[in-house]
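**Q** need coordinates for the following:
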Amino acid sequence: SPFASSHLAQRACAATLAAAFFAAVDARARGDDDADAARAAISEATPRLLKELVLLLAEADLEARGRAVEALAAYATKTPVELQVDHLEFVRVALTSAASDARFRLKRDVPLPALAEDSAAVAALLPPYLHALLHGAPDKRESAASGLAELVDLSSDLALKRHAVKIAGPLIRVLGDRFGPEVRASLLAALEALLRKGPALLKAFVPQLTATAAKHVKDPASRPVRARALNLLRLLVPLTTRFDALVLDLARAARDAPTDNPDLLLALLRALLALIDNDAGKVLAAPAADEVSAIANTLADDDLALAETAAALQDAIDSRSSAPRR
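**A** Sure, this is the predicted structure:
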């Protein structure tokens, strides 16, 4: 295989041939008689080609990386997205291998070189992730969300800038549907990865993200969903303009939490503690502080975990609110 050549120029030429292959298969598939045979040919050859092209994204040579991106773009535009979804798990594994290779050779933890430069590589890889996220079975949606988190982690904020809205919108939309906790936890993790990469990328989504995270931190049944939602809320604290309203919302949820679900109550108290004891310089106004303090006082003599969290919450209120100390 020319991809295995020790000569970089040959590997770059192989990427160009791969792009021509994807275009030729698409052209042939448009003919009525040969469509099935052409699609079968691409299905057999695609996994090997994708692996080699994704590995080229880690190359130090700019031209080789550029040829690989062009070939992946040809794959994205010339291959039906349904077929791309069939190979999505393969792409995820190949990206992990390429990232490991890049870290080994560059001796530092960096995004994949091709995904650090501009948006073209991200654009070439995105279609199957988004299609599976919006149209797949629950397990496909979960995998797509996990894959998006991986893709975001391997990309730079510069490369993601043009795609952040395209990624965040479907994630938020699917979170509004009635999927199981595994899917929702993966969706929240992908949003967390995107927000960590660059808060400015999602500035327009802050109100929606805050409402979404607050909703899921109250999930009565799933600890992983609550934990992921809390991670997202922590990242949103510096960005939200409705800090007191957010704290009041969670305080009232804690006040009204069912007595037969102490795990939920404890999770809500810990969420309140994380929000109030923040590093963003947010100060809690007196009305919200009073509401939280009243809840903390009612739990002072409760079971150990609740009582300790309530005491820590009261200490945070005393030090981080504009209300007078009690």
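
**Q** element containing the one residue sitting closest to the centre of the chain, please.
**A** By C-alpha atoms, centre = their mean, the chain has its centre lying nearest to Ala190, at 1.5 Å. Element membership for Ala190, per DSSP states H and E: helix 181-197.

**Q** got a list of contacts for the helix or strand that comes right after that helix?
**A** Reading on from helix 181-197 to the C-terminus, the next helix or strand found by DSSP H and E is helix 206-217. Outside helix 206-217, the residues that touch it by C-beta atoms under 8 Å, 6 or more residues apart in numbering are 168, 172, 175-176, 184, 188, 191, 195, 202, 225-226, 228-230, 232-233, 236, 239-242, 246, 249-250, 267-268, 271. C-beta coordinates here come from the backbone N, C-alpha and C atoms, glycine included.

**Q** buried set for helix 206-217?
**A** Neighbour counts over helix 206-217 (16 or more other C-beta atoms under 10 Å) mark Val206, Gln208, Leu209, Thr210, Thr212, Ala213, Ala214, His216, Val217 as buried.

**Q** distance from it to the middle of the chain?
**A** Averaging C-alpha positions (C-alpha atoms, centre = their mean, to the nearest Å) puts helix 206-217 15 Å from its chain's average.

**Q** check stretch 228-245 too.
**A** 17 Å.

**Q** show me where the stretch 1-150 of the chain has strands.
**A** Shown for the stretch 1-150 of the chain, no strands are assigned by DSSP state E, counting those that start in this stretch.

**Q** and the helix holding Ala190 with helix 206-217, angle?
**A** 140 degrees (axes from the mean of the first three to the mean of the last three C-alpha atoms, to 10 degrees).

**Q** just the pLDDT at Val206, thanks.
**A** On pLDDT, Val206 comes in at 94.

**Q** give me the contacts around the helix or strand harbouring Leu171.
**A** Leu171 belongs to helix 164-175 when assigned by DSSP H and E. Contacts to helix 164-175, defined as C-beta under 8 Å, 6+ apart, come from residues 126, 130, 133-134, 141, 145, 148, 152, 160, 183-184, 187-188, 190-191, 194, 198, 201-202, 204-205, 208-209, 212, 216.

**Q** in this protein, which helix or strand is least confident?
**A** Within the chain, no helix or strand scores below helix 35-56, which has a mean of 80 by mean pLDDT, DSSP states H and E.

**Q** the helices in the stretch 1-150 of the chain, which residues?
**A** For the stretch 1-150 of the chain, the helices defined by DSSP state H, counting those that start in this stretch occupy 8-29, 35-56, 62-78, 81-86, 88-106, 113-117, 120-135, 138-154.

**Q** related to what we said a few turns ago, just the buried residues from the contacts of helix 206-217, in PyMOL please.
**A** Buried residues among the contacts of helix 206-217 (16+ other C-beta under 10 Å), as a PyMOL selection:
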select buried, resi 168+172+175+184+188+191+195+202+225+226+228+229+230+232+233+236+239+240+246+249+250+267+268+271
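
**Q** circling back to that earlier point, flag every buried residue along the helix holding Leu171.
**A** Buried, per 16+ other C-beta under 10 Å, within helix 164-175: Ala164, Ile167, Ala168, Pro170, Leu171, Ile172, Val174, Leu175.

**Q** now render those as JSON lines, adding distance to Val91.
**A** Converted to JSON lines, those look like this (distance: C-beta to C-beta, whole Å):
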{"residue": "Ala164", "distance to Val91": "20"}
{"residue": "Ile167", "distance to Val91": "16"}
{"residue": "Ala168", "distance to Val91": "21"}
{"residue": "Pro170", "distance to Val91": "18"}
{"residue": "Leu171", "distance to Val91": "18"}
{"residue": "Ile172", "distance to Val91": "24"}
{"residue": "Val174", "distance to Val91": "20"}
{"residue": "Leu175", "distance to Val91": "23"}
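
**Q** nearest to Leu50 among the residues you listed?
**A** Taking C-beta to C-beta as the measure, Leu50 lies nearest Ile167 of the buried residues of helix 164-175, at 20.6 Å.

**Q** pull out the buried positions in stretch 244-255.
**A** For stretch 244-255, a neighbour-count test (16+ other C-beta under 10 Å) marks Asp244, Leu246, Val247, Leu248, Asp249, Leu250, Ala251, Ala253, Ala254 as buried.
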